[in-house]
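**Student:** Output the structure for:
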Amino acid sequence: MRRGAVSQLPDLPNIDAALFHAPQASDFAAVGRATHAPRFLLLYGSLRERSYSRLLTLEAARLLQAMGGETRIFDPSGLPLPDSAPDTHPKVQELRELAQWAEGMVWCSPERHGAMTGIMKAQIDWIPLSSGAIRPTQGKTLAVMEVSGGSQSFNAVNQMRILGRWMRMLTIPNQSSVAKAFQQFDEAGRMHPSAYYDRVVDVMEELMKFTLLTRDVSPTLANRYSERRESAEMLSKRVNQGVI
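**Tutor:** Okay, here's the model as predicted:
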């Protein structure tokens with residue numbers, strides 16, 4: 001029986017007492033601390049030559065590196081539409097390997113027609129909710145950002161928050177929305193000093209803190225009673241969406 005479990009639950013007849021676990025502070029106190037640099041995957045949602053979501057993503061990567069993080073930026077060029085190619089496609093494999101490698105992510109999309117772009121959504125759709133009984137994104141941190149050509153909006157970041165929750169990620173409270181993005185970068189593609197830039201710094205700082213705080217304990221945070229009752233085979237069948 002696991003530590004924190006109880007032998008009898010007379011008031012909870014539907015509970016398997018052997019699998020029931022009352023969370024305790026000691027569950028986290030005993031967890032070892034990783035010493036490697038936190039690993040971040042950054043995704044952006046535009047293929048334009050001067051893509052402001054890519055420029056903002058590059059700024060975010062520089063900030064994470066300055067804070068001691070290791071970053072990888074995925075180039076969505078050549079990524080097929082979901083279900084239009086097998087998951088053995090090289091770009092799909094590259095994206096999935098990076099998702100496995102990362103301990104945290106940054107998603108940055110332009111807002112187009114009041115929503116994230118199809119390019120952004122396609123990348124997220126290619127990241128599986130499960131791989132067998134393993135959930136590649138579960139318990140990993142996430143920061144969301146958007147750029148827009150007009151006034152400030154939050155449609156894209158709100159949508160990405162929903163997706164992050166669906167992917168069982170720990171989406172941090174702060175976020176960035178850069179209005180009139182074409183005015184916020186110089187000829188070299190570097191972001192001008194502004195309140196928008198300061199917010200990006202805030203978001204990356206918060207992402208780094210949440211990642212350092214949770215990356216070692218994410219298996220404990222994501223350990224669920226319902227899944228302890230399932231075998232790996234049962235879990236894989238339940239969450240597999242390949243037949244949809």
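
**Student:** contacting residues for residue 77?
**Tutor:** With contacts defined as CB atoms under 8 Å, 6 or more residues apart in numbering, residue 77 is in contact with residue 47. (C-beta placed from N, C-alpha, C; glycine too.)

**Student:** what's the answer for the one 5 residues further on, then?
**Tutor:** The neighbours of residue 82, taking CB under 8 Å, 6+ apart as the test, are 122, 125, 126.

**Student:** Make a PyMOL selection of the buried ones in the residues you listed.
**Tutor:** Selecting the buried subset of these in PyMOL, with 16 or more other CB atoms under 10 Å as the burial test, is done by:
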select buried, resi 122+126
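
**Student:** so where does residue 142 fall, helix or strand?
**Tutor:** strand 141-147 (DSSP states H and E).

**Student:** packing partners for that strand?
**Tutor:** Counting contacts by 3 or more CB pairs under 8 Å, 6 or more residues apart in numbering; DSSP states H and E, strand 141-147 is packed against helix 52-66, strand 104-112, helix 155-166, strand 170-171, strand 176-178, helix 195-214.

**Student:** so what strands line up beside it?
**Tutor:** Sheet neighbours of strand 141-147, with direction, are listed as strand 104-112 (parallel), strand 170-171 (parallel), strand 176-178 (parallel) (DSSP bridges).

**Student:** tell me which helix or strand of this structure sits lowest on mean pLDDT?
**Tutor:** When the helices and strands of the chain are scored by mean pLDDT, DSSP states H and E, helix 232-239 comes last with a mean of 61.

**Student:** residue contacts, residue 151?
**Tutor:** When contacts are counted by CB under 8 Å, 6+ apart, residue 151 is found next to 179, 180.

**Student:** how about 7 Å then?
**Tutor:** Residue 151 sits next to residue 179 when contact means CB atoms under 7 Å, 6 or more residues apart in numbering.

**Student:** How about residue 171?
**Tutor:** 142, 144, 161, 164, 165.

**Student:** If any of the residues you listed are buried, give me the ChimeraX selection for them.
**Tutor:** Buried members of the contacts of residue 171 can be picked out in ChimeraX with the line below, counting by 16+ other CB under 10 Å:
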select :142,144,161,164
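
**Student:** now the contacts of residue 171 as JSON lines including distance to residue 225?
**Tutor:** Listed next are those as JSON lines, based on distance: CB to CB, whole Å:
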{"residue": "142", "distance to residue 225": "24"}
{"residue": "144", "distance to residue 225": "29"}
{"residue": "161", "distance to residue 225": "26"}
{"residue": "164", "distance to residue 225": "23"}
{"residue": "165", "distance to residue 225": "19"}
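
**Student:** So for the closest residue to residue 125 other than its chain neighbours, what's the pLDDT?
**Tutor:** Setting aside the residues directly before and after it, residue 125 is nearest to residue 82 in space (CB to CB, 6 or more residues apart in numbering), at 4.3 Å. Here the pLDDT value assigned to residue 82 is 94.

**Student:** Regarding residue 82, what is its secondary structure?
**Tutor:** Secondary structure for residue 82, judged by DSSP: H, G, I helix; E, B strand; the rest coil, is coil.

**Student:** Residue 39 bridge partners, please.
**Tutor:** In this entry, residue 39 is beta-bridged to residue 70, by DSSP bridges.
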